[in-house]
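Chemist: One predicted model, sequence on top.
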Amino acid sequence: MDIGIFRGLVTGTLLVLFISLVFWAWSKRRKSAFDAAARLPLEENDK
């Protein structure tokens, strides 16, 4: 296996992982969890 082929496979794998992460983060199932996490710094502590 040539180093160029290895680098190409690693680059392709990382690209697929990045695209998968983007789709996971922008999916409608995750929206409520991310909205709740975004509001955490603004909520007052009742302690």
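Modeler: Looks like it arrived, so ask away.

Chemist: most centrally placed residue in the protein?
Modeler: Geometric centre of the chain, nearest residue: L21, 3.5 Å, by Cα atoms, centre = their mean.

Chemist: I'd like to know how far that one sits from N45.
Modeler: With distances taken as Cβ to Cβ, to the nearest Å, L21 is found 32 Å from N45. Any C-beta I mention is one placed from the backbone N, CA and C, and that applies to glycine too.

Chemist: same deal with F34?
Modeler: Distance of F34 to N45, computed by Cβ to Cβ: 21 Å.

Chemist: which outside residues touch the longest helix along the chain?
Modeler: Counting residues, the longest helix found in the chain (DSSP state H) is helix 3-25. Outside helix 3-25, the residues that touch it by Cβ atoms under 8 Å, 6 or more residues apart in numbering are R30, F34.

Chemist: Off-centre distance for the helix or strand following it?
Modeler: Downstream of helix 3-25, the first helix or strand assigned by DSSP states H and E is helix 28-39. The gap between where helix 28-39 is centred and where its chain is centred comes out at 13 Å by Cα atoms, centre = their mean, to the nearest Å.

Chemist: Stretch 34-43 too?
Modeler: In terms of Cα atoms, centre = their mean, the centre of stretch 34-43 is found 18 Å from the chain centre.

Chemist: what does that stretch contact?
Modeler: Stretch 34-43 is contacted from outside by A25, using Cβ under 8 Å, 6+ apart.

Chemist: Pull that stretch out as PDB, backbone CA atoms only.
Modeler: Provided in PDB are the C-alpha atoms of stretch 34-43 (Å, rounded to 0.1, in the frame of the first residue of the first chain):
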ATOM      1  CA  PHE A  34     -29.600  21.500  22.000                       C
ATOM      2  CA  ASP A  35     -32.200  24.200  22.700                       C
ATOM      3  CA  ALA A  36     -32.300  23.100  26.400                       C
ATOM      4  CA  ALA A  37     -28.500  23.200  26.600                       C
ATOM      5  CA  ALA A  38     -28.400  26.700  25.000                       C
ATOM      6  CA  ARG A  39     -30.800  28.000  27.700                       C
ATOM      7  CA  LEU A  40     -28.800  26.600  30.600                       C
ATOM      8  CA  PRO A  41     -26.500  29.700  31.100                       C
ATOM      9  CA  LEU A  42     -29.600  32.000  31.200                       C
ATOM     10  CA  GLU A  43     -31.600  30.000  33.800                       C
END
